[in-house]
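# fold the following, please.
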Amino acid sequence: VNLKAIYERCAQQKAITSAQFISISDTQVDIAVTTSQKAVGLKSKCNYQQTIRVNDDGVHCSPPVRVEKSTITANYCNATMNRKASVYKLTNDGTTTYHLELIDHDNSITHLDLSSHHDAVYSSDIFFSGMAWSDNGEHLVYVAEQNAAKTASWWSEPKDGVTQGQEYSHRDHWGEHHDKISNTCLVVVTMADLSVCVLNTPSDLTPGQPVFLNPSTVLFAGFAHGDARRLGIHYCPNRASRLYTLEWQATDAACVPITGTDLHVRSPTVSPSGRHVVWLENGVGGPHAQASRVMMADADALTKSKELIPIHDDDSHPSVYLLRFAPQCWLTDSILALDTCHQTKRVLLSLNVTTAEVDDYKGNGCQRVLAAQGSKALVQTSSPSTTHGLELWTFNKPPAAFTHAKVNQLMTGTSFADVIVSKLEDDTDDNGDIVNHTMILRPKDDLPHPVILVPHGGPHSGYVYDYYPLMTSLVLAGYALVVPNYRGSVGYGADFLNSLPGKIGRQDVDDVMLALDRRASEPWAGDATFVFGGSHGGFLTAHVTGQFPDRFHAAAMRNPVISLPAMLYVTDIPDWCFVEAGLPTMPLASVTAEELGVLASKSPLQYAAKVRAPTLVLIGEKDKRVPPSQGHLWYNALRESSIQTKLHTYPEDEHPLATLPCDADVFVNVVQWFEKHTIA
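Below you'll find the model as predicted:
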């Protein structure tokens with residue numbers, strides 16, 4: 001098997017990362033699309049932009065143009081005017097600056113150097129970034145890092161504006177993947193005079209996600225930190241935050257909170273008329289990836305909110321698992337378009353904010369709303385055997401349910417259906433209760449293949465019916481994958497999710513082993529069995545190879561959780577250790593020996609001496625979530641027991657092991673490791 005060719009075939013597929021409407025009329029629609037593509041030869045991911053025009057003559061796509069990853073773009077379009085704003089990062093002679101490019105409705109172009117006003121502009125951060133136009137197209141707001149104070153050595157020559165002896169002072173940040181985000185600011189650019197105004201916000205807040213409530217008022221999410229330690233926020237939509245308004249043009253402007261305390265509030269969006277404000281909201285603490293309520297208030301009574309979509313206890317109705325609404329998300333002034341994880345699919349929802357009526361559409365795969373405007377929506381599509389496609393959905397006026405929309409195919413994904421079979425199956429326990437929603441991916445034949453159990457991380461996440469390049473590569477390499485969404489996964493209601501905390505290391509282990517055992521007699525299941533998981537999936541990989549030492553021929557793990565007591569003191573999310581072990585969150589200095597014992601009782605380290613499966617350990621050296629010491633601990637524990645093991649460390653990678661050189665290396669080495677031990 002040519003592993004390099006398989007990886008390149010699966011990984012070098014176009015991924016649609018964003019889409020926006022540029023202009024909409026009765027006869028024509030113009031769309032801006034951003035895609036990314038892994039370039040193995042360049043050892044990097046390349047980003048491209050292109051425009052698509054849809055009219056009576058059909059669909060017309062411009063050639064893609066390569067853009068820098070750090071570019072952020074916002075398009076303003078209404079019936080009379082179009083404007084486009086883009087921020088670019090430029091590096092010359094080691095100096096990085098940020099520049100704003102404005103393209104007006106008459107195609108005139110203006111450039112502004114922003115370096116004197118602030119530092120980095122945040123383009124793609126899910127929690128803090130944002131760029132939005134006012135409803136009249138006269139003002140633009142975005143998020144940047146404040147300029148840091150200039151520092152120098154004690155032995156340098158004194159200079160005005162430069163503080164000596166503080167060049168090594170620590171700056172607080174927001175943990176894994178957010179270690180450059182410390183003190184953000186909101187910035188407004190006015191088109192009339194091209195003035196740049198950095199807004200004043202409280203020093204105990206990190207502001208982000210700004211939109212205009214009206215041309216003189218900015219609405220934003222403020223993430224609280226005060227003087228306390230900031231916990232990691234990546235994958236963790238449960239940190240304290242509130243919505244604030246700011247009359248940005250007033251001389252005595254003050255930030256006014258409009259939501260309560262002890263909440264995580266995010267993703268404010270304002271209807272086209274400015275009448276309705278909608279946001280996502282859930283509690284602080286608890287499981288990190290819980291569902292959110294959709295809330296709404298009238299713009300003239302912002303503190304009087306009402307719930308539009310609740311958090312459901314079961315999966316009879318979709319709960320909302322979504323970090324942010326799309327930048328353009330309003331089909332009309334009263335109908336919002338969004339998507340959510342429901343069971344093992346990503347489904348489309350249309351929400352009437354005046355009646356709270358919800359219509360959902362469940363397609364054959366995974367569907368995401370990238371933009372909605374003027375009774376039209378741009379929908380990204382995919383499945384385990386088909387890469388990203390893009391569709392234009394056109395609704396009746398007023399819009400009905402997604403099931404009544406006209407669909408135009410704009411971009412078609414690559415299909416692997418001729419070589420891959422994908423199925424969804426449920427596993428029940430002896431009481432008839434569903435404990436797993438399991439996805440099966442395997443080669444399209446009835447021959448027996450070596451089986452890989454693939455438990456997901458989180459643990460409160462889940463695999464949806466989406467395209468995963470690594471999984472497709474493994475199937476093309478000849479493996480059958482058993483991919484369980486065990487109890488604790490998202491998409492099945494609060495009861496299913498909340499059943500796991502306090503029971504990790506037992507309930508999740510039993511669930512994933514049940515998923516594997518139920519497939520042992522399938523004609524496609526060969527004799528060789530492996531397990532491959534990352535993060536909490538690595539935690540489960542360690543557990544099952546220790547608790548069931550004769551079940552697996554070999555194992556591979558990515559940034560695994562091995563010892564909760566050891567992880568507690570070095571991770572950016574110590575609260576995760578407490579929550580998943582069933583303990584109350586407490587200051588680290590207050591942890592007792594008894595509580596450390598509970599954490600140890602949930603950890604796989606206790607089973608290390610029983611492991612017999614040769615194990616490949618893969619570690620990102622910049623991981624702040626599950627620090628590298630965790631993987632080293634398992635690697636050394638296996639060596640002490642004379643178990644065959646191998647360690648790969650990736651110096652530039654964080655928790656996801658997502659850089660292209662690492663991603664490619666992981667695939668080839670995992671397959672070679674499993675091949676070696678299939679033969680053995």
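# give the buried residues for stretch 191-204.
191, 196, 199, 201 (16 or more other Cβ atoms under 10 Å). C-betas here are computed from N, CA, C, even on glycine.
# now do stretch 59-74
Neighbour-count burial for stretch 59-74 flags 64, 70-74 (criterion: 16+ other Cβ under 10 Å).
# as JSON lines, these with distance to Met296, secondary structure and pLDDT would be great.
Shown next, in JSON lines, are the buried residues of stretch 59-74 (distance: Cβ to Cβ, whole Å; DSSP: H, G, I helix; E, B strand; the rest coil; pLDDT from 0 to 100):
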{"residue": "Pro64", "distance to Met296": "38", "secondary structure": "coil", "pLDDT": "93"}
{"residue": "Ser70", "distance to Met296": "34", "secondary structure": "coil", "pLDDT": "65"}
{"residue": "Thr71", "distance to Met296": "32", "secondary structure": "coil", "pLDDT": "70"}
{"residue": "Ile72", "distance to Met296": "27", "secondary structure": "strand", "pLDDT": "72"}
{"residue": "Thr73", "distance to Met296": "28", "secondary structure": "strand", "pLDDT": "73"}
{"residue": "Ala74", "distance to Met296": "24", "secondary structure": "strand", "pLDDT": "72"}
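# hmm, Val482 and Glu425 touching each other?
No: contact criterion Cβ atoms under 8 Å: Glu425 and Val482 do not qualify, at 9.6 Å.
# those two: which has the busier surroundings?
Neighbour tally, Glu425 and Val482, criterion other Cβ atoms under 10 Å: the higher count belongs to Val482, 27 against 15.
# the helix or strand encompassing the more buried one packs against which elements?
Here Val482, judged by DSSP states H and E, is contained in strand 480-486. Under the contact criterion of 3 or more Cβ pairs under 8 Å, 6 or more residues apart in numbering; DSSP states H and E, strand 480-486 touches strand 434-443, strand 449-453, helix 469-476, helix 507-517.
# so Ser134 sits right up against Thr217, yeah?
No: here Ser134 does not reach Thr217: they are 9.3 Å apart, not a contact under Cβ under 8 Å.
# send the alpha carbons of the helix or strand of the chain with the lowest mean pLDDT over as CSV?
Sorting the helices and strands of the chain by mean pLDDT, DSSP states H and E puts strand 72-77 at the bottom, at a mean of 70. C-alpha atoms of strand 72-77 as CSV (Å, rounded to 0.1, in the frame of the first residue of the first chain):
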residue,chain,number,x,y,z
ILE,A,72,-10.2,38.6,7.7
THR,A,73,-12.9,40.0,5.4
ALA,A,74,-16.4,41.4,6.0
ASN,A,75,-18.8,42.2,3.1
TYR,A,76,-21.5,44.8,3.4
CYS,A,77,-24.4,44.6,1.0
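# name the helices or strands packed onto that strand?
In terms of contacts (3+ Cβ pairs under 8 Å, 6+ apart), strand 72-77 is packed against strand 15-24, strand 28-39, strand 82-92, strand 131-133, strand 139-145.
# that older thread, now the helix or strand following the strand holding Val482: how far from the chain's centre is it?
For strand 480-486, the succeeding helix or strand toward the C-terminus, using DSSP H and E, is helix 494-498. Averaging C-alpha positions (Cα atoms, centre = their mean, to the nearest Å) puts helix 494-498 21 Å from its chain's average.
# and helix 494-498, what's buried?
Buried residues in helix 494-498 (16+ other Cβ under 10 Å): 494, 496-498.
# dump those to JSON lines, plus distance to Trp154 and pLDDT.
JSON lines is the format used below for the buried residues of helix 494-498 (distance: Cβ to Cβ, whole Å; pLDDT from 0 to 100):
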{"residue": "Ala494", "distance to Trp154": "56", "pLDDT": "97"}
{"residue": "Phe496", "distance to Trp154": "58", "pLDDT": "97"}
{"residue": "Leu497", "distance to Trp154": "53", "pLDDT": "97"}
{"residue": "Asn498", "distance to Trp154": "54", "pLDDT": "97"}
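# so Glu8 sits in a helix?
Yes: under DSSP: H, G, I helix; E, B strand; the rest coil, Glu8 falls within a helix.
# count the residues that sit near Pro614.
Pro614 has 21 neighbours, counted by other Cβ under 10 Å.
# how close does the closest residue to it other than its chain neighbours get to Pro628?
Closest residue in space to Pro614, ignoring its immediate chain neighbours: Gln644 at 4.0 Å, by Cβ to Cβ, 6 or more residues apart in numbering. According to Cβ to Cβ, to the nearest Å, Gln644 and Pro628 sit 21 Å apart.
# show me what contacts the closest residue to Gly620 other than its chain neighbours?
Distances taken as Cβ to Cβ, 6+ apart place Asp653 nearest to Gly620, at 3.5 Å, with adjacent residues excluded. Asp653 is in contact with 620-623, 659, 662, counting by Cβ atoms under 8 Å, 6 or more residues apart in numbering.
# swap the cut-off to 6 Å and go again
Residues near Asp653 by Cβ atoms under 6 Å, 6 or more residues apart in numbering: 620, 659, 662.
# would you mind giving the helices and strands packed on strand 480-486 as a markdown table with mean neighbour count, mean pLDDT and distance to Glu176 added?
Shown next, in a markdown table, are the helices and strands packed on strand 480-486 (neighbours: other Cβ atoms under 10 Å; pLDDT from 0 to 100; distance: least, Cβ to Cβ, whole Å):
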| stretch | mean neighbour count | mean pLDDT | distance to Glu176 |
| --- | --- | --- | --- |
| strand 434-443 | 22 | 94 | 27 |
| strand 449-453 | 24 | 97 | 26 |
| helix 469-476 | 22 | 96 | 20 |
| helix 507-517 | 22 | 97 | 22 |
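# dump those into a markdown table; add distance to Asp26 as well.
Putting the helices and strands packed on strand 480-486 into a markdown table (distance: least, Cβ to Cβ, whole Å) gives the following:
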| stretch | distance to Asp26 |
| --- | --- |
| strand 434-443 | 43 |
| strand 449-453 | 52 |
| helix 469-476 | 40 |
| helix 507-517 | 52 |
